[in-house]
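Visitor: Sharing a model that was predicted from the sequence below.
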2 protein chains.
Amino acid sequence: MSGRITIQRVAELADVSKATVSRVLNGYPHVRPEVREKVQRVIRETGYQPNNIARMLASDRSSIIGFVISSSAQMVFHDPYFPALTEAVSDAAGDRGLIMALFMSHADGQGHRTVNSILAAGLFDGLILTADAKGSSIFPQQLAPDMPIVFIGRPSQADGMHYVDVDNVQGGYLATSHLIDLGHRRIATIGSNRNASGEDRVTGYRRALSQRGLAFDERLVAFGDYSLESGYASMQALLPYKPEAVFVASDTMALGALRALREAGLRAPDDIALVSHDDLPPAVQADPPLTTVQQPIARTGQLAVEKLERIIAQGGAVRAEKTILPVKLVVRESCGAVQSI
Amino acid sequence: MSGRITIQRVAELADVSKATVSRVLNGYPHVRPEVREKVQRVIRETGYQPNNIARMLASDRSSIIGFVISSSAQMVFHDPYFPALTEAVSDAAGDRGLIMALFMSHADGQGHRTVNSILAAGLFDGLILTADAKGSSIFPQQLAPDMPIVFIGRPSQADGMHYVDVDNVQGGYLATSHLIDLGHRRIATIGSNRNASGEDRVTGYRRALSQRGLAFDERLVAFGDYSLESGYASMQALLPYKPEAVFVASDTMALGALRALREAGLRAPDDIALVSHDDLPPAVQADPPLTTVQQPIARTGQLAVEKLERIIAQGGAVRAEKTILPVKLVVRESCGAVQSI
DNA sequence: CAAATTTCTGAAACCGGTTTCACTCACTTT
DNA sequence: AAAGTGAGTGAAACCGGTTTCAGAAATTTG
């Protein structure tokens, strides 16, 4: 693997010791410029590539991080959020010279097994986990207390955990406030109680209502699972209660909601105004384009990797710390604030 | 990493040599049953986990394979094909005790750089690459002639390459034949010339036409890039030529095509019959649900991993071999063969 | 100019496994 | 009973790097 030639061979050719070659390789000081140059020339001429595995063994660092998506395969398929997040983490890792190993843990209770085997591999410098769904918690901390771990999204047991999340409460709040500003009073929501993000967005919704003196009506709240179908079903369930506007907790569910409206012979925003959450590509493509709360996915992935790297560097002795990223409202047509062109 | 205790410690506790522990660990013969049991007990009691990195170094196998998606980020987002394929490869790798490292190489010409750095890592037992787009070929073979590589999809330079692909020609053929069977004569296609798959599907389309004695009309052929938008634009471009039916080379483009129809006040299948390709989840959700050619994505990923494993095991001395998987037509409503319920 | 530093450098230990090889020992063959 | 077999075992080499440590060489200081 990686060619025949080793550090030993380079050392011989350059007429120095392995130690010196290693110093040159890692840019350490205490090497005479001329020697350094000679070694570099040999390296160049031979095309020598250090064996990373040997390096890992000796330095006890692998530069590999695990990225575990602990959602059901269904969600990974239906919601572009995961591909987007995966790319963000992958990019961030690549930028920092880390290799990302991806694991998709299945919904059939294999979550633990997957994580177990990952940890057993003893191969990773650290792990990034997507926040678990409520009730199907993963606790790698118990299995490997020293493994550096960063969650993306608030885990169900957030105590002592590092995590990066977007301000979901603020997201729900901004979306709902916008609808109130537009004069709507009877505002429904399609949220989710599947994870912390969904709950937080509903919390923001309620906060906006109460702050503006609007009553909270239980019948105007539906819960989905982030799938298009659940958005569709939820909207159908809400229609009998005649909402004027709806805050949908994800773009994907909003697409389903739009379909339900269309089938009911209604149009957004004319008959029902709609604001969603995430600002993923489908939001722009939707008909009408969705007014939605933009969450900085790329930044989220980047911060998670940076945080993980920091924890790794400090040997895990970092106080658990959460990072909450701000969100912002992107106004398009589904809310009725601007005219369709 | 992976706890404190080493094979040396286990050996001491079990009062045997490292060699014997290693034999037990790997299930090798030539260990007395009682000794084997004693070692296993110590392993159990101490919770010993072998250090995989040391193992890799000694055995020159990492059990890590790289999966490189060499498409633009755009496509990865827009087309569920890639998440589906990624999951398939990830699952297949996991089933076989391999770890999958994911790389998304960008469209900005970084493709090569990504692959270079992957190879430089000297860490992978092998690579699975998604077929390159035409003109942006990746040639890791040149850089690392000994690296076992399997493509998914026919690469632009297929000579001497291992690859697994679905029968795209047959896909285009089946779809088009179906439309002909339904009585249509003026059949258009939205294909793609971005990669081999797209071209093959168009080839199948042409083959069906000629076999049934229908003339090929250049104006009835449009090319997209697998995005929803390109499907939309292509359909708009085709409408002036009044097709009775269209074969669209991907579900995602079909969604765009449907939108174009809707906006033109037309309906599928009544005004224009439509058959697409892939049978990904959106095909079912579409309105109307899409008649589409099903490609066995999970199987594709699985075969790619198995083939790669075989090449690795044989030290790369395997004659290049291609595997073409059959496809089948799934009839839903968009073609007009069955009545909407 | 001697003494004290500081800069370079290489030998050797080390990381934690796997694998080779020689040797012991019990059991078969002649 | 001597020789031949094969199973069972451990010592040691090995994988290819990094890191420690001590000593030589060069430089600064007194």
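Guide: Great, that's in hand.
Visitor: Please report how far the residue in the stretch 101-250 of chain A that DNA strand D sits nearest to lies from DNA strand C.
Guide: Of all residues in the stretch 101-250 of chain A, residue A:125 sits closest to DNA strand D, with a separation of 13.9 Å (C-beta to the nearest atom of the strand). Any C-beta I mention is one placed from the backbone N, CA and C, and that applies to glycine too. When C-beta to the nearest atom of the strand, to the nearest Å is applied, the distance between residue A:125 and DNA strand C equals 15 Å.
Visitor: Near DNA strand D, which residues of chain A? Just list them.
Guide: Where chain A comes near DNA strand D, counting by C-beta under 7 Å from any atom of the strand, the residues are A:6-8, A:18-19, A:21-23, A:25-26, A:48, A:50-51, A:54-55, A:57-59.
Visitor: buried subset of the residues you listed?
Guide: The neighbour-count test (16 or more other C-beta atoms under 10 Å in any protein chain shown) marks A:6-7, A:21-23, A:25, A:48, A:50-51, A:54-55, A:57 as buried among the residues of chain A next to DNA strand D.
Visitor: In helices only, show me those.
Guide: The helices in this structure, assigned by DSSP state H, contain A:7, A:21-23, A:25, A:54-55, A:57 from those.
Visitor: Which ones among those residues also lie next to DNA strand C?
Guide: A:23, A:54, A:57.
Visitor: nearest to residue B:203, of those residues?
Guide: Minimum separation from residue B:203 among those (C-beta to C-beta) is found for residue A:54, which lies at 48.8 Å.
Visitor: which non-adjacent residue is nearest that closest one?
Guide: What sits nearest to residue A:54 in space, not counting adjacent residues and going by C-beta to C-beta, 6 or more residues apart in numbering or on different chains, is residue B:57, at 5.5 Å.
Visitor: mind listing the helices in chain A by residue range?
Guide: When assigned using DSSP H, the helices of chain A occupy the ranges A:7-14, A:18-26, A:33-46, A:52-59, A:73-78, A:81-95, A:111-121, A:140-143, A:168-181, A:196-211, A:228-238, A:251-263, A:281-285, A:297-313.
Visitor: list the buried ones in the third one?
Guide: It stands for helix A:33-46. A:35-36, A:38-39, A:42-43.
Visitor: Count the residues that sit near the residue of the stretch 101-250 of chain A closest to DNA strand D.
Guide: Residues within reach of residue A:125, counting by other C-beta atoms under 10 Å in any protein chain shown, total 22.
Visitor: shouldn't it be in contact with residue A:312?
Guide: Yes. Taking contact to mean C-beta atoms under 8 Å, the distance of 5.0 Å between residue A:125 and residue A:312 places them in contact.
Visitor: Please enumerate the shared neighbours of the two.
Guide: Common neighbours of residue A:125 and residue A:312 are listed as A:61, A:148 (criterion: C-beta atoms under 8 Å, 6 or more residues apart in numbering or on different chains).
Visitor: In JSON lines: the ones in helices among the buried ones among the residues of chain A next to DNA strand D, plus pLDDT.
Guide: Supplementary listing: those in JSON lines, determined by pLDDT from 0 to 100:
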{"residue": "A:7", "pLDDT": "94"}
{"residue": "A:21", "pLDDT": "96"}
{"residue": "A:22", "pLDDT": "95"}
{"residue": "A:23", "pLDDT": "95"}
{"residue": "A:25", "pLDDT": "93"}
{"residue": "A:54", "pLDDT": "93"}
{"residue": "A:55", "pLDDT": "91"}
{"residue": "A:57", "pLDDT": "91"}
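Visitor: Which two of those residues have the greatest separation?
Guide: Using C-beta to C-beta, the two most remote members of these are A:23 and A:57, lying 18.7 Å apart.
Visitor: hang on, the earlier thing: between the ones next to DNA strand C among the ones in helices among the buried ones among the residues of chain A next to DNA strand D, which is closest to residue B:235?
Guide: For those, the closest approach to residue B:235 (C-beta to C-beta) belongs to residue A:54, at 56.2 Å.
Visitor: domain assignment for chain A?
Guide: For chain A, automatic domain parsing gives the domain ranges A:7-59, A:64-166+A:297-324, A:168-295.
Visitor: Let me see the mean pLDDT of the second one.
Guide: The reference is to domain A:64-166+A:297-324. Regarding domain A:64-166+A:297-324, the rounded mean pLDDT is 81.
Visitor: can you check stretch A:206-215 too?
Guide: Regarding stretch A:206-215, the rounded mean pLDDT is 96.
Visitor: Just give me how far that stretch sits from the chain centre.
Guide: 30 Å (C-alpha atoms, centre = their mean, to the nearest Å).
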